[in-house]
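Q: Fold the following for me, if possible:
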Amino acid sequence: MTTEITELKGQESSSQIEEWKQKYQYGIYAVEVGGHVAYFKNPGRHELNCALTKADKERALAVFEELASVTYIGGSEEVLKDDQMFIGICQELKVKLDGKKARLVNL
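A: Numbering: from 1, shown residues only. You can find the predicted model right below:
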């Protein structure tokens, strides 16, 4: 039995990924959906602030659209344009809105 390795649409070279890792202080991540892959930098305070300014009860996905827009660095742009793929990546983007887990310690 032969295992076929298929390249995802938008897949970048390992050298490009290494370059991004060096360039972006908070690191990068990839999201794969529907045979496509897109790359994003981890958001800092500025990117989160930009995304959260879009919070609106009438447009619930606006926060995710903005977060994806300001952190997208490469790969398949189709994941941002196609509604079904974008809905698929929203759950992963939500994780980035949560940030690192902190613990409150009463003294």
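Q: Report the central residue of this protein.
A: Centroid check for the chain by CA atoms, centre = their mean gives residue 40 as the closest residue, at 4.4 Å.
Q: what is that residue paired to in the beta sheet?
A: Counting by DSSP bridges, residue 40 forms beta bridges with residue 29, residue 72.
Q: Does it touch residue 69 like I think?
A: No - Residue 40 lies out of contact with residue 69 (CB atoms under 8 Å); the separation is 10.1 Å. (C-beta placed from N, C-alpha, C; glycine too.)
Q: list residues touching both of the two?
A: Here residue 40 and residue 69 have no joint contacts, going by CB atoms under 8 Å, 6 or more residues apart in numbering.
Q: The nearest residue to residue 92 once chain neighbours are set aside: which element?
A: Spatially, and ignoring its direct neighbours in sequence, residue 92 is nearest to residue 31 (5.0 Å; CB to CB, 6 or more residues apart in numbering). Element membership of residue 31, judged by DSSP states H and E, is strand 28-33.
Q: How about residue 93?
A: Per DSSP H and E, residue 93 falls inside helix 83-98.
Q: got the angle between that helix and strand 28-33?
A: Here helix 83-98 points in a direction 150 degrees away from that of strand 28-33 (axes from the mean of the first three to the mean of the last three CA atoms, to 10 degrees).
Q: residue ranges of the strands in the protein, please?
A: With DSSP state E as the criterion, the chain has strands at 28-33, 36-41, 72-75.
Q: and those strands, which is most packed in?
A: Among the strands of the chain, judged by mean count of other CB atoms under 10 Å, the one packed with the most neighbours on average is strand 36-41 (a mean of 22).
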